[in-house]
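[1] show me the folded form of this:
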Amino acid sequence: MAARRSAPHGGTFTATLFRYPGKGGWHFAPVPARLSPPDRLAWGRAPVEAVVDGVTWRTSVWVGKDGRTLLAVPARVRGTKGAGDRVRVTLRFNL
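    Now for the predicted structure:
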């Protein structure tokens, strides 16, 4: 059963990308706690429409091992940006 709590339906923020360590590690944008999704599905994920620096796609955010909500940002979206670079993110939750 998904946890329910009061939270917005999304929002816009600026994030600093980080790369998960290891070969083939993904790049993530941490989602501020104030914009954490109101509901979650299996494995702590929440479907979203994400916009990063003007590129829109459907994906999910999820809770990382450290408790933060994370948005994976694929290479096709981030372009030449990588770990340490800042991106502008808009999330719309699809729950």
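[2] and the gap between Thr59 and Val51?
    Thr59 is 11 Å from Val51, where distance means CB to CB, to the nearest Å. Backbone N, C-alpha and C define where each C-beta goes, glycine included.
[3] and for Ala83?
    Distance, Ala83 to Val51, by CB to CB: 20 Å.
[4] looking at these two now, which is surrounded by more residues?
    A count of neighbours by other CB atoms under 10 Å puts Val51 above the other of Ala83 and Val51, at 18 against 12.
[5] report the secondary structure state of that one.
    At Val51 the chain is in strand, as set by DSSP: H, G, I helix; E, B strand; the rest coil.
[6] need the helices for the protein, in chain order.
    For the chain, applying DSSP state H gives helices covering 75-78.
[7] where does it dip in pLDDT?
    1-8, 38-39, 41-42, 95 (pLDDT under 70).
[8] if you set the cut-off to 50 instead, what comes out?
    Applying pLDDT under 50 to the chain flags residues 1-7.
[9] would you list every one of the strands in it?
    With strands called from DSSP state E, the chain shows them at 10-16, 18-19, 27-31, 45-52, 55-63, 69-72, 86-93.
[10] tell me the most buried of those strands?
    Across the strands of the chain, the average number of neighbours (mean count of other CB atoms under 10 Å) peaks for strand 27-31, which reaches a mean of 22.
[11] most centrally placed residue in this protein?
    In the chain, the centroid-proximal residue (CA atoms, centre = their mean) is Leu71; its distance is 1.9 Å.
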